[in-house]
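**Q** build the 3D model from these lines:
(one chain, ligands or ions: 2)
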Amino acid sequence: MKTLSIFNNKGGVGKTTTAINLASAFALMLSHEAGADREPGRVLILDMDQATQTSVTLSGGFFSAEDRTQGPNDNLAGLLLQMTDRSPVELIVTTALPRGSRKNMDFIPSSPVLMANVDGILRQNAVDGLYRLQEILEPLSDLYRYAVIDNPPNLGFGALNTLVAATDVIIPVQLEGPSIYALTETLRTVESIQHRPNPSLRLLGLAPTMCNFRREEDKEWLTALQKQYGDLVLPPIPRRGEVTAALTQGLDIFSYKPPRQSDALASANLATQEFAALATEIMRRLDS
Ligand code: ADP
Ligand code: MG
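**A** Residues are numbered from 1 along each chain as shown. Ligands and ions are numbered 1, 2, ... in the order given. Take a look at the predicted model:
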């Protein structure tokens, strides 16, 4: 299993949007790769950001899982806090998304109430508090080809847990001065995790989000970013109304603007083409 953390300690940079659309693209690509006869590889998507009521959350807004058979602690936050007897495998729920996939995308529901306690409590367990997510994912690693993890917009123990558990990390970044200047701090965090708890963590790339290439500044910032970071810069995602419209309806972009051909990823819609290009490049890097 390749585990990809979508990390940036700033909010509103496109982490959640990137996480949901990448995971959906992976699920579709694995469905198409398997064809009709073979079981497709599976994708797990995890939401470490439920405590903060930011614009979009995955398991709160997206994959709302009202499972009455599970107790209040039987969720991702309960696993992190070691408050549930259930194993991670028992808590897995299969999503209906993306449309056209072979139902090969799963998640573990979370709890906004419990998730709010995670940072404070894990912090008190300074030694093992960094490894909780890694332990949760260990028994799942044979079940999934890819895990995609969305992060909270801070540098708490939740986010640090994802960097410890991940094999790879991408950093969404907006093409604006403050975002780009803040990159050094975000990169320093990744480097410090690489130094000690997770030396095999790979920085897969920087993903420019919400770009507006009608503005000269955005083109200039992209060029500057490419000059400084070279191949680390991933294919950029322009700002488009459909991206937000899809999320508002609880859909990934591929379900919102599906292709006519059932084995295609992108449709005539530009946003699907842009996310498909990004996902294809990230999958290539993950597998290499
Ligand atoms: P984060 O998770 O980093 O806080 P979000 O993914 O929630 O950021 O994005 C912040 C806001 O920007 C959301 O309202 C989202 O719909 C919007 N947004 C993100 N990416 C795009 C895009 N490519 N085009 C248009 N709106 C976008
Ligand atoms: Mg978010």
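**Q** what ranges do the helices span in the stretch 101-250 of the chain?
**A** 112-124, 132-137, 157-165, 177-195, 216-229, 241-248 (DSSP state H, counting those that start in this stretch).
**Q** which one of those helices is the most hemmed in?
**A** The highest mean neighbour count among the helices of the stretch 101-250 of the chain, using mean count of other Cβ atoms under 10 Å, belongs to helix 157-165: a mean of 24. For every residue, glycine as well, the C-beta is placed using N, CA and C.
**Q** show me how far it is from its chain's centre.
**A** Taking Cα atoms, centre = their mean, to the nearest Å, the mean C-alpha location of helix 157-165 is offset from the chain mean by 13 Å.
**Q** now what about it, what contacts it?
**A** Under the contact criterion Cβ atoms under 8 Å, 6 or more residues apart in numbering, helix 157-165 has outside partners 3, 5, 7, 9, 48-49, 51, 80, 115, 118-119, 122-123, 129-134, 136-137, 149, 151-152, 169, 189-190, 193, 197-198, 201.
**Q** residues near the closest residue to Val148 other than its chain neighbours, how many?
**A** Nearest non-adjacent residue to Val148, counting by Cβ to Cβ, 6 or more residues apart in numbering: Ala23, 4.1 Å away. Ala23 has 30 neighbours, counted by other Cβ atoms under 10 Å.
**Q** likewise Pro88?
**A** Number of residues near Pro88 (other Cβ under 10 Å) recorded here: 18.
**Q** what's near enough to touch the residue lying closest to it once chain neighbours are set aside?
**A** Closest residue to Pro88 apart from its sequence neighbours, by Cβ to Cβ, 6+ apart: Ile136 at 4.9 Å. Residues near Ile136 by Cβ under 8 Å, 6+ apart: Leu76, Leu79, Leu80, Pro88, Ala165.
**Q** quick check: closest non-adjacent residue to Leu114.
**A** Ala77 (3.5 Å).
**Q** also Asp252?
**A** Ser24 (3.7 Å).
**Q** show me the strands in the protein, by range?
**A** Counting by DSSP state E, one finds strands in the chain at the ranges 2-6, 43-47, 93-94, 105-107, 146-150, 168-174, 202-209.
**Q** what pairs with the second one, parallel or antiparallel?
**A** Each strand pairing with strand 43-47, determined using DSSP bridges, is listed with its direction: strand 105-107 (parallel), strand 146-150 (parallel).
**Q** can you tell me if the longest one touches ligand 1.
**A** This points to strand 146-150. No - Strand 146-150 stays clear of ligand 1 (Cβ under 6 Å from any ligand atom), getting no nearer than 6.8 Å.
**Q** next, the angle from that strand to strand 168-174.
**A** Angle, strand 146-150 to strand 168-174, by axes from the mean of the first three to the mean of the last three Cα atoms, to 10 degrees: 40 degrees.
**Q** residues touching the nearest residue to Ile20 once chain neighbours are set aside, list them.
**A** Nearest non-adjacent residue to Ile20, counting by Cβ to Cβ, 6+ apart: Asp252, 5.2 Å away. By Cβ under 8 Å, 6+ apart, the residues touching Asp252 are Ile20, Asn21, Ala23, Ser24, Leu97, Pro98, Ala246.
**Q** next, give phi and psi for the fifth one.
**A** It stands for Leu97. phi -100, psi 160 (degrees, to the nearest 10).
**Q** distance check, the residue nearest to Val148 against Ala224.
**A** Distance of Ala23 to Ala224, given as Cβ to Cβ, to the nearest Å: 30 Å.
**Q** do Arg188 as well
**A** Taking Cβ to Cβ, one finds Arg188 at 19 Å from Ala224.
**Q** just Thr84 next, same as before
**A** 47 Å.
**Q** then Arg86?
**A** 48 Å.
**Q** report the beta-bridge partners for the closest residue to Leu234 other than its chain neighbours.
**A** Leaving aside its chain neighbours, Leu234 sits nearest to Gly205 (4.2 Å; criterion: Cβ to Cβ, 6+ apart). Beta bridges link Gly205 to Ile170, judged by DSSP bridges.
**Q** contacts only, for Gly205.
**A** So Gly205 contacts Ile170, Ile171, Leu232, Val233, Leu234, Glu281, Ile282, Arg285 (Cβ under 8 Å, 6+ apart).
**Q** and stretch 1-11, how far from the chain's centre?
**A** Relative to its chain's centre, stretch 1-11 lies at 6 Å (Cα atoms, centre = their mean).
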